[in-house]
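Chemist: Provided below are the primary sequence and the corresponding predicted coordinates.
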Amino acid sequence: MPGWQELHEELQEEGFTVIAVAIDENLDSIIELAKGVTYPVLMDKDHILTELYAISNVPSVLWIDEDGKISRPAASEFGTDTFSEITGISREGHMQQVREWVRDEALPEDAGFVVDDLSHEEIQARLHFRLAAHLRRNNMIAESEKHFDHAIELAPLDFTIARASMPLRGGDPFGEEFFELYQKYQDAGSPFHGIPRKS
Amino acid sequence: MKSNSEITILTNSVTSIAGHWDDGDPFVDSAEIKDVLGWEIKQEGLCKDDACIPVNDEQSIRHQDRYNLRTIAHLTGHPTLISQELKTITIGQPAGLRSSALKDKIAPDFVLPDIEGTDRAFSDWAGKKRLLVAFSSW
């Protein structure tokens, strides 16, 4: 978040804003992450955005212009270089592209990329996830677990399903189960709804 | 088998309304169809703003004085998930909004609460270039 804050401050007088959407229901954690942030931070506990925009992992960053046209579709971009050794993605290249878009209307070559639509299974997985999260909020734990399981069966490599469910089910999204998921994801060729990495 | 009951509807919010189940499908009053999906049942069919989807066989969406929420959701492009056991229908986003985002690059609008709890529409910031960042604590 601090990296996006710097970019937001740099460009906010030039008709630009960052808008962050937390694909998350943990308000306390998001408030903590949003300390010092002056751009809007919205809470999407039911993952509406992942269905509307076909998002399968975070961070996913989209560029949307003054008229509501998507100038560059979802890509995995980072506000900081904390994970750049693992992901191979450094923040500065993208941030420079954003500056050129805001100031000169310049778009990178990959801006016209067309992201794959969600499959029927990925859509149903989102509905099972939403139902499971609702049931869990109402303390119907056994029923909730069943629908989390269904969701993961349908979309096993979708991080907004498989990883997002970990903390909701008492697991650790930074622990062993995450590394197992990440290995399976890599073995499957890193399927992702968004601009693929060149590296 | 028809059974009267409360039906829980998960859309962008959670509502519980009176209705009945018939052959595994939830049936609700026409006013609820409009509240939940934004589509109104008229002579011409299912209508929203100026657009109408014709319904050739009204019996296919109606049972006595109530309407089949699953069928109408599908006719208007929404995916559904039904749990009759939990008396719940989960209704997703219209597929057309996502496909116009992916193919025609039209950003679908959405309304979500900010961290203070105030509902905000993405279109509140129309007129600016927006970097939409989906992130999480997980």
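Modeler: Thanks, I have it. Numbering: from 1, shown residues only, chains lettered A, B, ... in the order given.

Chemist: with adjacent residues omitted, what lies nearest to the residue nearest the centre of chain B?
Modeler: The centroid of chain B falls nearest to residue B:37 when counting by CA atoms, centre = their mean (3.8 Å). Excluding the flanking residues, the one nearest residue B:37 by CB to CB, 6 or more residues apart in numbering or on different chains is residue B:76, at 5.7 Å. Where C-beta positions appear, they are placed from N, C-alpha and C, glycine not excepted.

Chemist: so for that neighbour, what's the pLDDT?
Modeler: Looking at residue B:76, its pLDDT stands at 96.

Chemist: show me where the chain has strands.
Modeler: No chain was given, so I picked chain A. Assigned by DSSP state E, chain A shows strands spanning A:16-22, A:41-43, A:60-64, A:70-75.

Chemist: actually it's chain B I care about, not the one you picked
Modeler: Under DSSP E, chain B gives strands at B:2-10, B:14-22, B:25-28, B:40-42, B:45-48, B:51-53, B:62-63, B:66-68, B:80-83, B:88-91, B:111-113, B:119-121, B:129-135.

Chemist: pull out the buried residues from the first one.
Modeler: By neighbour count, with 16 or more other CB atoms under 10 Å in any protein chain shown as the criterion, the buried positions of strand B:2-10 are B:7-10.

Chemist: and which of these is nearest to chain A?
Modeler: Nearest to chain A, judged by CB to the nearest CB, of the buried residues of strand B:2-10 is residue B:10 at 5.7 Å.

Chemist: the strands of chain B: which one's closest to residue A:182?
Modeler: Ranking these by proximity to residue A:182 (CB to CB) places strand B:129-135 first, at 17.6 Å.

Chemist: touching chain A at all, the closest one?
Modeler: Yes: residues of strand B:129-135 contacting chain A under CB under 8 Å from any CB of the partner chain: B:129-135.

Chemist: would you format these as CSV with distance to residue A:195 and pLDDT included?
Modeler: Below are the residues of strand B:129-135 next to chain A laid out as CSV (distance: CB to CB, whole Å; pLDDT from 0 to 100):
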residue, distance to residue A:195, pLDDT
B:129, 18, 98
B:130, 18, 98
B:131, 15, 98
B:132, 14, 98
B:133, 15, 98
B:134, 14, 98
B:135, 17, 97
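
Chemist: who touches the worst-scoring helix or strand of chain B on mean pLDDT?
Modeler: Here the helix or strand of chain B ranked lowest by mean pLDDT, DSSP states H and E is strand B:2-10, holding a mean of 87. For strand B:2-10, contacts defined as CB atoms under 8 Å, 6 or more residues apart in numbering or on different chains pick out A:46, A:130-131, A:134, B:14-22, B:26, B:28, B:36, B:63, B:69, B:86-91.

Chemist: tell me which stretches of chain A form helices.
Modeler: Using DSSP state H, the helices of chain A run over residues A:2-11, A:27-33, A:48-52, A:84-87, A:91-104, A:120-137, A:141-154, A:159-162, A:165-168, A:176-187.

Chemist: circling back: save the strands of chain A as TSV, and put in mean neighbour count too.
Modeler: What follows is the strands of chain A, written out as TSV (neighbours: other CB atoms under 10 Å in any protein chain shown):
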stretch	mean neighbour count
strand A:16-22	24
strand A:41-43	22
strand A:60-64	25
strand A:70-75	23
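
Chemist: so can I have JSON lines of those strands showing mean pLDDT and distance to residue B:108?
Modeler: Shown next, in JSON lines, are the strands of chain A (pLDDT from 0 to 100; distance: least, CB to CB, whole Å):
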{"stretch": "strand A:16-22", "mean pLDDT": "98", "distance to residue B:108": "13"}
{"stretch": "strand A:41-43", "mean pLDDT": "98", "distance to residue B:108": "14"}
{"stretch": "strand A:60-64", "mean pLDDT": "98", "distance to residue B:108": "10"}
{"stretch": "strand A:70-75", "mean pLDDT": "98", "distance to residue B:108": "10"}
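
Chemist: from chain A, how far out is the closest residue to residue B:7 other than its chain neighbours?
Modeler: Spatial nearest neighbour of residue B:7, chain neighbours left out: residue B:19 (4.3 Å); criterion: CB to CB, 6+ apart. Applying CB to the nearest CB, to the nearest Å, one obtains 18 Å for the distance of residue B:19 from chain A.

Chemist: would you agree residue B:19 is in contact with residue B:66?
Modeler: Yes: Residue B:19 is within contact range of residue B:66, at 6.4 Å (criterion: CB atoms under 8 Å).

Chemist: shared neighbours, the two?
Modeler: Here residue B:19 and residue B:66 have B:27-29 as joint contacts, going by CB under 8 Å, 6+ apart.

Chemist: ok, the residues you listed vs chain A, which is closest?
Modeler: Nearest to chain A, judged by CB to the nearest CB, of the shared contacts of residue B:19 and residue B:66 is residue B:28 at 18.3 Å.
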